[in-house]
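**Student:** Just a sequence and a predicted model for now, questions to come.
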There are 2 protein chains.
Amino acid sequence: MRKKIKKINAAILIIGNEILSGRTQDKNIAFISNWLNTTCGITVNEVRIIPDIKKTIVSNVLILSKTFDYVFTTGGIGPTHDDITAESISKAFKLKYEYHKEAYSILQKYYGKNKFNDGRRKMAMMPRGARLIYNPSSAAPGFITKNVLSLPGVPSILNSMIENCKRYLIKGAKVHSKTLNLYTVESKISKKLGHIQKKHKKFVDIGSYPFFRLGKIGVAIVIRSTSLSKIKSVNSELIKLAKSKKIEILNL
Amino acid sequence: MRKKIKKINAAILIIGNEILSGRTQDKNIAFISNWLNTTCGITVNEVRIIPDIKKTIVSNVLILSKTFDYVFTTGGIGPTHDDITAESISKAFKLKYEYHKEAYSILQKYYGKNKFNDGRRKMAMMPRGARLIYNPSSAAPGFITKNVLSLPGVPSILNSMIENCKRYLIKGAKVHSKTLNLYTVESKISKKLGHIQKKHKKFVDIGSYPFFRLGKIGVAIVIRSTSLSKIKSVNSELIKLAKSKKIEILNL
């Protein structure tokens, strides 16, 4: 008998005025979400992007950490005045905001005693009891407080640290997906597609996304499920539907 | 005397499993945020990305429309079963979900009576009293319900419609910004930068963002304010700071 694996979910909290203002295009959401699903079987169910305002960070951390199994924050753990993630998480959980001994010694070693100035020391300030997420690319560690994992905002540094989150995460059931690309318009198949989704709604999610390729209009049908056999059977139904409507399939 | 212009804010609610799963990289946040600020003087203060689940859309629409002056939703207004934005907004505001006469006739004219099938007709279903946001590229209109503006998820279509949102928006004070690129590391300037931010915190936001360019490490200092003269004065202080620390400035 196949062991039933629990569904585990997460939220991502992007902290940063630069993303909100449109100055910077976020790259972390897709990366974290893909990694969580493929590596840990964890599904991201909500993302929020908020400004560098302590009160706002506190309230969002509290609500998301209550609602989801894990919360990933990105941004605001550097040395400057607008880096207030660690302080805000301390406040949210009523924990002392203090030097983390190991983080302090990692940073002191990395910069050398003479160059370990105020800004750099600030990166060792964390909520009491935080455990470290090691940073192989630029030393300054992230940290986990309760179920909240805090990572930096710079994508290349975040990417280098993500594997070090794994030890803190309980694995869930991986969501598999299969995409069927049809040269058609959504409204030509929407009714039948709705029926197929309804029939399988307990185990399968079917998404429909228009695309444009080489001057032709198409629809990408994405089938998502923790069960590969359910995906296969829905896929067959969809192929049958496409054939009955004489719709060209791009990736049979 | 200069007339004081009110600050107007907005939230963006991205509705779509494909963004949450990491399958699709969002492009609408930066576009809407930039457009709102430069064209209407409206600042985006929060973004949420949520799945295609009616209950979740309803609760997020309600809380965001209460908290912010405007809410922009993207996605979920097409013809397929996973397009449930209009239905969910109707539910949130306890409005009847029904055919919008003008939208119906626009779509019927666009597709022709014979090809105006169920899926296409669904795109004319809206909350009672909704006003239309015209769509010059593919006919199916967006709509505004109370302070919630609903746009499609496909970026090229959304982009073509954004100017048609303007008539529904009250203009606010535009936030200007200036970026100063310094060849330094954040921790070298973080203390002084914090002092400058503190001194000007009432009118100016200073952000600090590391970058890598041609093998050199730098920090982009972004000064944001509704007052151009305040930006200019903070900029001068920052240039003085850089010179005193012998830091190379990239864009003097």
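**Tutor:** Thanks, I have it. Numbers count the residues shown, from 1 in each chain, chains lettered A, B, ... in the order given.

**Student:** Are we agreed that A:L180 is in a strand?
**Tutor:** Yes: checked against DSSP: H, G, I helix; E, B strand; the rest coil, A:L180 lies within a strand.

**Student:** tell me the contacts of the spatially closest residue to it that is not a sequence neighbour?
**Tutor:** Once flanking residues are discounted, A:L180 sits nearest to A:I221: 4.6 Å by Cβ to Cβ, 6 or more residues apart in numbering or on different chains. C-beta coordinates here come from the backbone N, C-alpha and C atoms, glycine included. Listed by Cβ atoms under 8 Å, 6 or more residues apart in numbering or on different chains, the contact partners of A:I221 are A:T179, A:L180, A:N181, A:L182, A:L193, A:I206, A:G207, A:S208, A:L238.

**Student:** What is the end-to-end distance of stretch A:208-224?
**Tutor:** For stretch A:208-224, the first-to-last residue distance is 11 Å (Cα to Cα, to the nearest Å).

**Student:** now do stretch A:20-33
**Tutor:** 19 Å.

**Student:** Check stretch A:129-142 too.
**Tutor:** First-to-last residue span, stretch A:129-142, Cα to Cα: 13 Å.

**Student:** And stretch A:158-171, by the same measure?
**Tutor:** End to end - Cα to Cα - stretch A:158-171 spans 20 Å.

**Student:** part of a strand, is the residue nearest to A:L180?
**Tutor:** Yes: A:I221 forms part of a strand when assessed by three-state DSSP.

**Student:** residues from the stretch 101-250 of chain A in reach of chain B?
**Tutor:** A:117-120, A:122-123, A:154, A:156, A:175, A:177, A:186-191, A:193-194, A:197-198, A:205-210, A:212, A:222, A:224 (Cβ under 8 Å from any Cβ of the partner chain).

**Student:** Contact partners for A:S150?
**Tutor:** Contacts of A:S150 by Cβ under 8 Å, 6+ apart are A:F72, A:T73, A:I77, A:T85, A:A86, A:I89, A:I133, A:G142, A:F143, A:I144.

**Student:** swap in A:A140?
**Tutor:** A:I77, A:G78, A:A103, A:L107, A:M123, A:P152.

**Student:** Let me have those residues in a markdown table, extended by pLDDT and distance to B:I247.
**Tutor:** Formatted as a markdown table, these follow (pLDDT from 0 to 100; distance: Cβ to Cβ, whole Å):
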| residue | pLDDT | distance to B:I247 |
| --- | --- | --- |
| A:I77 | 95 | 23 |
| A:G78 | 92 | 17 |
| A:A103 | 98 | 27 |
| A:L107 | 96 | 22 |
| A:M123 | 96 | 20 |
| A:P152 | 97 | 22 |
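
**Student:** Relative to chain B, which of the residues you listed is nearest.
**Tutor:** A:G78 (5.6 Å; Cβ to the nearest Cβ).

**Student:** Just confirm that closest one is within a strand.
**Tutor:** No: with three-state DSSP as the criterion, A:G78 is coil rather than part of a strand.

**Student:** isn't it right up against B:I189?
**Tutor:** No: using Cβ atoms under 8 Å, A:G78 is not in contact with B:I189; the gap is 11.7 Å.

**Student:** More neighbours: those two, which one.
**Tutor:** A:G78 (26 against 23; other Cβ atoms under 10 Å in any protein chain shown).

**Student:** From the structure, what's the count of residues near the closest residue to the more buried one other than its chain neighbours?
**Tutor:** Of all residues not flanking A:G78 in the chain, B:E186 sits nearest, at 5.6 Å (Cβ to Cβ, 6+ apart). Using other Cβ under 10 Å, B:E186 has 22 neighbouring residues.

**Student:** OK, contacts around B:E186?
**Tutor:** A:G78, A:P79, A:T80, A:G119, B:S208, B:P210, B:V219.

**Student:** Need the max-distance pair from the residues you listed.
**Tutor:** The most widely separated members of these are A:G119 and B:P210, with 12.3 Å between them, by Cβ to Cβ.

**Student:** Looking at the two, which one has more neighbours?
**Tutor:** Higher neighbour count among A:G119 and B:P210: A:G119, with 22 against 19, using other Cβ under 10 Å.

**Student:** Specify the local secondary structure of that one.
**Tutor:** Applying three-state DSSP: A:G119 is helix.

**Student:** which residues does the residue nearest to A:L180 bridge with?
**Tutor:** For A:I221, the residues forming beta bridges with it (DSSP bridges) are A:L180, A:S208.

**Student:** quick one on the thing from earlier: show me which of the contacts of B:E186 is closest to A:N164.
**Tutor:** Using Cβ to Cβ, these come closest to A:N164 at A:G78, 18.1 Å.

**Student:** what's in contact with whichever strand or helix holds A:E237?
**Tutor:** Following DSSP states H and E, the helix or strand that holds A:E237 is helix A:228-244. Helix A:228-244 is contacted from outside by A:176-178, A:180, A:182, A:184, A:189, A:192-193, A:196, A:200, A:203-204, A:206, A:221, A:223-225, A:248-249, A:252, using Cβ under 8 Å, 6+ apart.

**Student:** list the buried ones in it?
**Tutor:** A:K230, A:I231, A:S233, A:V234, A:N235, A:E237, A:L238, A:L241, A:A242 (16 or more other Cβ atoms under 10 Å in any protein chain shown).

**Student:** now stretch A:175-192
**Tutor:** A:175-176, A:178, A:180-182, A:184-190, A:192.

**Student:** Narrow the residues you listed to those in helices?
**Tutor:** A:E186, A:S187, A:K188, A:I189, A:S190, A:K192 (DSSP state H).

**Student:** is any part of stretch A:38-45 close to chain B?
**Tutor:** Yes: taking Cβ under 8 Å from any Cβ as the criterion, stretch A:38-45 and chain B are in contact, through A:T43, A:V44, A:N45.

**Student:** so the last one sits in a strand?
**Tutor:** Yes: the assignment for A:N45 is a strand, going by three-state DSSP.

**Student:** how many neighbours does it have?
**Tutor:** A:N45, neighbours per other Cβ under 10 Å, totals 21.

**Student:** picking that back up, now, which of the residues of stretch A:38-45 next to chain B sits nearest chain B?
**Tutor:** Nearest to chain B out of the residues of stretch A:38-45 next to chain B is A:V44 (Cβ to the nearest Cβ; 5.3 Å).

**Student:** got the contact list for A:Y134?
**Tutor:** Here A:Y134 is in contact with A:P141, A:M161, A:N164 (criterion: Cβ under 8 Å, 6+ apart).

**Student:** Turn these into CSV, columns for neighbour count, pLDDT and distance to A:A11.
**Tutor:** CSV is the format used below for the contacts of A:Y134 (neighbours: other Cβ atoms under 10 Å in any protein chain shown; pLDDT from 0 to 100; distance: Cβ to Cβ, whole Å):
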residue, neighbour count, pLDDT, distance to A:A11
A:P141, 25, 98, 22
A:M161, 20, 98, 18
A:N164, 17, 98, 20
